[in-house]
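[1] sharing a model that was predicted from the sequence below.
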Amino acid sequence: MEFEARWREMWRGLCLEGPNAELLQLLLTRYREPWRAYHTTQHLLECFAHFDFARHLASAPAEIEFALWFHDAVYDPRREDNEEASAKWAEQVLLRAGATEPLRARVHALIMATKHDTAPTSHAGALIVDVDLAILGASEARFDEYETQVRQEYAWVPAFIFRRRRAQILEAFLERNPIYRTALFQERFEALARGNLRRALARLA
């Protein structure tokens, strides 16, 4: 589904009058910023594809999809509050569209779940985390491309520091048991993700 059609369908699912097309274009422009290599429209489309695969598990799919649209809306590898800034922007958009406070709070929580620093506290949170981490269970070729893209985004970090920090991040994912929170993603991606993570860690060693 093209971006415009998907955007309109998502707003209908929220039962809200969506903003004009300029907001969508602004959002897509953010995902196409020159310093991005992984957190791009490619990642956005992959998230949508994985979510479509698991949409039947969601009780409020439009809320999760809205959070996916905005989860990397603000992304600068030199800052540490990207998720917070993305969630704030999403809340502002929902407020202007007339969304209730509980809806805004749920979306905020979903976006913050993609920071991956704490365990999700809801089924919707578990689902969006699994969607965001599906890249770990991609084919070897796509996973290797992902690792290259992440390094490009952090090209300004000295190699020895990047290797150490990246290994810490990947080891933390590998230590999760399981990596994925939902049975559907565990069945489809768990073994692949563990193989990819082990390969990546061997290269970083």
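    Nice, thanks for sending it over. Numbering: from 1, shown residues only.
[2] please, where are all the helices along the chain?
    3-14, 21-31, 41-54, 61-70, 82-96, 101-113, 123-133, 140-153, 159-175, 183-204 (DSSP state H).
[3] what sits against the most centrally placed residue in the chain?
    Centroid-nearest residue in the chain: residue 132, 3.8 Å away (criterion: CA atoms, centre = their mean). Applying CB atoms under 8 Å, 6 or more residues apart in numbering, we find residue 132 in contact with 47, 71, 114, 116. All C-beta spots, glycine's among them, are computed from the backbone N, C-alpha and C.
[4] got it, and residue 78?
    residue 156.
[5] which pLDDT does the model give it?
    For residue 78, the pLDDT comes out at 96.
[6] same check, this time on residue 1
    60.
[7] quick revisit: who wins for neighbours among the contacts of residue 132?
    Greatest neighbour count in the contacts of residue 132, by other CB atoms under 10 Å, goes to residue 71: 29 neighbours.
[8] now do the phi/psi pair for that residue.
    Here is the backbone geometry of residue 71 (degrees, to the nearest 10): phi -70, psi -30.
[9] right, and it touches residue 86 too?
    Yes - contact criterion CB atoms under 8 Å: residue 71 and residue 86 qualify, at 6.0 Å.
[10] give me the common contacts of those two.
    residue 111.
[11] now render the contacts of residue 132 as CSV, adding distance to residue 157 and pLDDT.
    Formatted as CSV, these follow (distance: CB to CB, whole Å; pLDDT from 0 to 100):
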residue, distance to residue 157, pLDDT
47, 25, 98
71, 23, 98
114, 22, 98
116, 19, 95
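[12] out of everything not next to it in sequence, what's closest to residue 140?
    In space, and not counting its chain neighbours, residue 140 is closest to residue 196: 6.7 Å by CB to CB, 6 or more residues apart in numbering.
[13] okay, now the unreliable bits of the protein?
    1 (pLDDT under 70).
[14] from residue 63, how far off is the closest residue to residue 51 other than its chain neighbours?
    Nearest non-adjacent residue to residue 51, counting by CB to CB, 6+ apart: residue 131, 5.0 Å away. Residue 131 is 13 Å from residue 63, where distance means CB to CB, to the nearest Å.
[15] with residue 57 instead?
    Going from residue 57 to residue 63 by CB to CB gives 13 Å.
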